[in-house]
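J.: generate coordinates for the sequence data below:
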Amino acid sequence: MPKILHVKDPEEVMAKAQEFFASNEDARFVRRLDVILLLCDGHPLPYVAQLFQMNPTTIQRWIHRLNESGFEGLKDKSGRGRHSRLSRENLEQIYQDLTASPALFGYESARWDGKLLSYHLKTQYGVELKVRQCQNLFKKLGFSLQRPRKMPAGADPVTREAFKKTPRGNPTG
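T.: You can find the predicted model right below:
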């Protein structure tokens, strides 16, 4: 009986693989070839699309590109997609800005968020990005979302501090 193999953390492996395919041009080309080979082998489009977690329309476009231009049609062409409004130098400077306190720029906020970054980019760099795009920019620059811990308003500071230091479910200690 064949031994069953198990991947240690399949969700993480899948996420990293998807990230790799998204960022590596050669990997995207090979993946497209894999998809097309399965179709050539007679597997139905819906099955292949589900297997690779892709939109069937995307695969149909690849087939049209393959039929029109051969294997070159499956490669990414330079200049595809929208170009960033921020240069590499801008991104490096924005990274430096985000490592500093917003107060250094005259903002009243104690921390950076998408709304503040959107305003900062407009005033400092002349670039308008929506809040969601700014949240994606945080991720692109290697920052993660940090939210302050919520505390009840008007609570006694001593009681609140004591509560934080006790184990959950035992407020009396």
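J.: per-domain residue ranges of this structure.
T.: 10-74, 88-140 (automatic domain parsing).
J.: can you give me the helices in the chain?
T.: All helices of the chain, identified by DSSP state H, fall at 10-23, 25-40, 45-51, 56-69, 88-99, 114-120, 131-140, 157-164.
J.: can you tell me which of these is most buried?
T.: Of all the helices of the chain, helix 114-120 has the most neighbours on average by mean count of other C-beta atoms under 10 Å, namely a mean of 18. In short, each C-beta sits where N, CA and C put it, glycine included.
J.: that one packs against which elements?
T.: Other elements packing on helix 114-120 under the criterion 3 or more C-beta pairs under 8 Å, 6 or more residues apart in numbering; DSSP states H and E are helix 131-140.
J.: about what we covered before: including mean pLDDT and distance to Pro157, could the domains of the chain go into TSV?
T.: Below are the domains of the chain laid out as TSV (pLDDT from 0 to 100; distance: least, C-beta to C-beta, whole Å):
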stretch	mean pLDDT	distance to Pro157
domain 10-74	91	41
domain 88-140	92	18
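J.: could you dump those domains into JSON lines and include distance to Pro2?
T.: Formatted as JSON lines, those follow (distance: least, C-beta to C-beta, whole Å):
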{"stretch": "domain 10-74", "distance to Pro2": "19"}
{"stretch": "domain 88-140", "distance to Pro2": "41"}
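J.: looking at those, spot the one closest to Ala155.
T.: If you check each of the domains of the chain against Ala155 by C-beta to C-beta, domain 88-140 wins as the nearest, at 20.0 Å.
J.: what about the closest one, distance to the chain center?
T.: 17 Å (C-alpha atoms, centre = their mean, to the nearest Å).
J.: go on, stretch 19-28?
T.: On C-alpha atoms, centre = their mean, the centre of stretch 19-28 falls 14 Å from that of its chain.
J.: same thing with stretch 1-10?
T.: With C-alpha atoms, centre = their mean, you get 29 Å for stretch 1-10.
J.: show me the contact partners of it.
T.: Val13 (C-beta atoms under 8 Å, 6 or more residues apart in numbering).
J.: from one end of it to the other, what's the distance?
T.: From the first residue to the last, stretch 1-10 extends over 24 Å; the measure is C-alpha to C-alpha, to the nearest Å.
J.: same check, this time on stretch 75-92
T.: End to end - C-alpha to C-alpha - stretch 75-92 spans 30 Å.
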